[in-house]
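1. structure for this input, please:
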Amino acid sequence: MNIVFKNEPKTETPFIVRSADAKDRGAAIGGRHNYFNYVAMMERIMVNLTERWDAEPKLYYQDENNDVWDALCEDIRSGYEGLRHVASLYDLVETSQFQFESEPDRRLSGYEIRPSARNNLFVYDKFRVAFARIPRETQYGLGNEDIIFAENDEGLGAFLADMRKRQLECRKLILFSDTRDGLEQERMNPKGEVTRDDVFMEESLKTQIYRSLDEFFSNEGLFFQEYGIPYKRGILLYGKPGNGKTTLVRSISATVDAPVAYWQITEYTNSESIAEVFAAAARMAPMVLVIEDLDSMPESCRSYFLNTLDGAASKEGVFLIGTTNYPEKIDPALMNRAGRFDRAYEVKLPDERLRLAYLTRKGLGRFAAEDQIADIARRTEGFTFAQLGELYVSAALQRQYEGEADLERLVEEMKSDYAKSRSGDWMAADKSRSMGFL
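-> Below you'll find the predicted structure:
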């Protein structure tokens, strides 16, 4: 496999502490090698910044959340022009990281090498604000001490306001992921542009959902003020997999003029990550928060989740969209109290009209005439949109290798496969056959 390095190596930056210096310093104080000396590192950073700004910086930390550090990581990744990498900290600790970045155009995909947030000193000179994630020796290895430097409170406040403004203007999708190591946040470009015309569902349902969204984000919520309605909404989308819930969410992220965050519930979701997600949503409001697979919420934190939804401030300015494939597993309390989810909408299997519209837009006309496409739409009763999409792919492959696509045969084969999947009986013939050892 060819490895494409998306970022070319840049000129070397100086190290604040080198191992040779630490050895000399250790000898001077009795022979002890004192490489990870936190006080010495802080003193050298302070000297560096004082000389750079002609003023002694103050020290800050962020209470509870890490969103400013997430913003720093995004600025590093995107190469934000207002950020300077002025020095690395320790010469025997990694200073760069690499990650495979997948792009819609695969020719642009490749390994991206960039400075790591840890063990480097980054400066926003316009605001005289600096970040240093300082490695520290612990009982179990290397930990980190996260320090923010600023000339004064006014400069830090201006930086934070600018950071928030840039985040709200960014059209990237925010992805929250609960992992073994805690909640991770990533900003990513939506893969493939999805418009509202790409969403196929009952017209009345589609109109209700988009009308609610458009009104929520128009005129700074004037409608809600005028009618005395709390500035928050919550809808629950439920239905079988493959019927367009994810496509709807993608179209919202592409067409709504507001931040959109996507949160995938996992077995690692807990009360801490719930609090962190809703705190982040409050800072981005007005915004859309999509919670995927609500039925997967761990039992241990369901009560905390419900209490968070009840909080007066937790959803102010937040349009909440929950999705589930298994509504019977959803806690009834989600819908039985105002202020949690206001409406629940079933995303149903497509009827014949929607199947015909989907197949036509997908491009089945490449393989069949209009009357044949209409016949296929009638034959595919019970198919989801995902299964109709697979029919198109199968037809394209058959056309590529056999010269023509036998759509009727493909439909019957797919029906047979889905019937076997439902019944669990995969062997079509000679059911007396057995498997074992002789």
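2. C-alpha from now on. contacts and neighbour counts both.
-> Will do.
3. and Arg166, how far is that from Lys172?
-> Distance, Arg166 to Lys172, by C-alpha to C-alpha, to the nearest Å: 11 Å.
4. cool, Leu289 as well?
-> 13 Å.
5. neighbour count for the two, which is higher?
-> Between Leu289 and Lys172, counting by other C-alpha atoms under 10 Å, Leu289 is the more crowded of the two (24 against 18).
6. what helix or strand does the residue nearest the centre of the chain sit in?
-> Closest residue to the average C-alpha location of the chain: Leu175 at 1.4 Å, with C-alpha atoms, centre = their mean. Assigned by DSSP states H and E, Leu175 falls within strand 173-179.
7. the helix or strand just after that strand pairs with which strands, parallel or anti?
-> Going down the chain from strand 173-179, the next helix or strand is strand 182-188, by DSSP H and E. Using DSSP bridges, the neighbouring strands of strand 182-188 in the sheet come out as strand 173-179 (antiparallel).
8. could I get the average pLDDT for the partner strand?
-> Mean pLDDT, strand 173-179: 88.
9. quick one: contacts of it?
-> 183-190, 253, 259-269, 273, 277 (C-alpha atoms under 8 Å, 6 or more residues apart in numbering).
10. leaving out sequence neighbours, find the closest residue to Ser88.
-> Asn120 (4.2 Å; C-alpha to C-alpha, 6 or more residues apart in numbering).
11. ok so Asn144 is a strand residue?
-> Yes. Judged by DSSP: H, G, I helix; E, B strand; the rest coil, Asn144 forms part of a strand.
12. and it, how many neighbours does it have?
-> Considering only other C-alpha under 10 Å, Asn144 is surrounded by 14 other residues.
13. for Gly182, see how far away the residue lying closest to it once chain neighbours are set aside is.
-> With C-alpha to C-alpha, 6+ apart as the criterion, Asn144 has its nearest non-adjacent residue at 4.6 Å, and that residue is Pro135. Distance from Pro135 to Gly182, counting by C-alpha to C-alpha: 19 Å.
14. can you check Ser96 too?
-> Ser96 is 22 Å from Gly182, by C-alpha to C-alpha.
15. again with Ser253
-> Taking C-alpha to C-alpha, one finds Ser253 at 25 Å from Gly182.
16. neighbour-wise, which of these two wins?
-> Per other C-alpha under 10 Å, whichever of Ser253 and Gly182 has more neighbours is Ser253, with 25 against 13.
17. excluding chain neighbours, what is closest to the more buried one?
-> Val260 (5.7 Å).
18. how near is the one you found to Val290?
-> Distance from Val260 to Val290, by C-alpha to C-alpha: 8 Å.
19. of these two, which one has the most company?
-> Val260 (27 against 23).
20. which ones are touching that one?
-> Per C-alpha under 8 Å, 6+ apart, neighbours of Val260: 172-174, 253, 287-290.
21. who does it bridge with?
-> Applying DSSP bridges, one finds that Val260 bridges with Val288.
22. do Gly110 as well
-> Glu101.
23. those strands in the stretch 201-350 of the chain, which residues are they?
-> 233-238, 260-264, 287-292, 318-324, 343-346 (DSSP state E, counting those that start in this stretch).
24. show the average pLDDT along the second one.
-> Across strand 260-264, the average pLDDT comes to 91.
25. may I see the buried residues of the strand or helix carrying Leu410?
-> Secondary structure from DSSP H and E places Leu410 in helix 407-423. When burial is assessed from 16 or more other C-alpha atoms under 10 Å, helix 407-423 yields the following buried residues: 407, 410-411, 414-415.
26. show me what that helix is packed up against.
-> helix 370-379, helix 385-402 (3 or more C-alpha pairs under 8 Å, 6 or more residues apart in numbering; DSSP states H and E).
27. what score does the residue nearest to Glu408 when sequence neighbours are not counted have for pLDDT?
-> Using C-alpha to C-alpha, 6+ apart and skipping the chain neighbours, the partner closest in space to Glu408 is Ile376 (7.2 Å). pLDDT, Ile376: 95.
28. same deal with Ser416?
-> 87.
29. what do you get for Asp310?
-> 82.
30. repeat for Ala254
-> 82.
31. also Asp75?
-> Reported pLDDT for Asp75: 93.
32. next one: the one 10 residues further on
-> Reading off the per-residue confidence, His85 sits at a pLDDT of 95.
33. you'd agree it is up against Leu121?
-> Yes. Here His85 reaches Leu121: they are 6.1 Å apart, a contact under C-alpha atoms under 8 Å.
34. between those two, which contacts overlap?
-> Joint contacts of His85 and Leu121 (C-alpha under 8 Å, 6+ apart) do not exist.
35. what's the helix or strand where Met41 lies packed up against?
-> In this assignment (DSSP H and E), Met41 forms part of helix 38-53. Using 3+ C-alpha pairs under 8 Å, 6+ apart, the elements in contact with helix 38-53 are strand 15-17.
36. can you list the strands that the strand it packs on pairs with?
-> Here strand 15-17 has these sheet partners by DSSP bridges: strand 84-90 (parallel).
37. so how far is Leu222 from Gln185?
-> Distance from Gln185 to Leu222, by C-alpha to C-alpha: 31 Å.
38. the more surrounded of those two?
-> The neighbour comparison of Gln185 against Leu222 (other C-alpha under 10 Å) goes to Gln185, with 20 against 15.
39. identify the bridge partners of the closest residue to that one other than its chain neighbours.
-> Distance criterion C-alpha to C-alpha, 6+ apart; nearest residue to Gln185, sequence neighbours excluded, is Phe176 at 4.8 Å. When assigned by DSSP bridges, Phe176 has beta-bridge partners Gln185, Trp263.
40. let me see the contact set for the residue lying closest to Arg84 once chain neighbours are set aside.
-> Among residues not flanking Arg84 along the chain, Val123 sits closest, at 5.1 Å (C-alpha to C-alpha, 6+ apart). The contact partners of Val123, by C-alpha under 8 Å, 6+ apart, come to 83-86, 129-131.
41. so where does Val123 fall, helix or strand?
-> strand 120-124.
42. and that strand, how far from the chain's centre?
-> Relative to its chain's centre, strand 120-124 lies at 26 Å (C-alpha atoms, centre = their mean, to the nearest Å).
43. could you do stretch 254-266 as well?
-> The answer for stretch 254-266 is 7 Å, by C-alpha atoms, centre = their mean.
44. try stretch 133-141
-> 29 Å.
45. can you tell me how far Leu92 is from Arg422?
-> 58 Å.
46. actually Glu404, not the one I wrote
-> 30 Å.
47. point out where the stretch 151-300 of the chain drops to low pLDDT.
-> 171, 190-192 (pLDDT under 70).
48. swap the cut-off to 80 and go again
-> Across the stretch 151-300 of the chain, residues meeting the criterion (pLDDT under 80) sit at 168-172, 188-193, 220.
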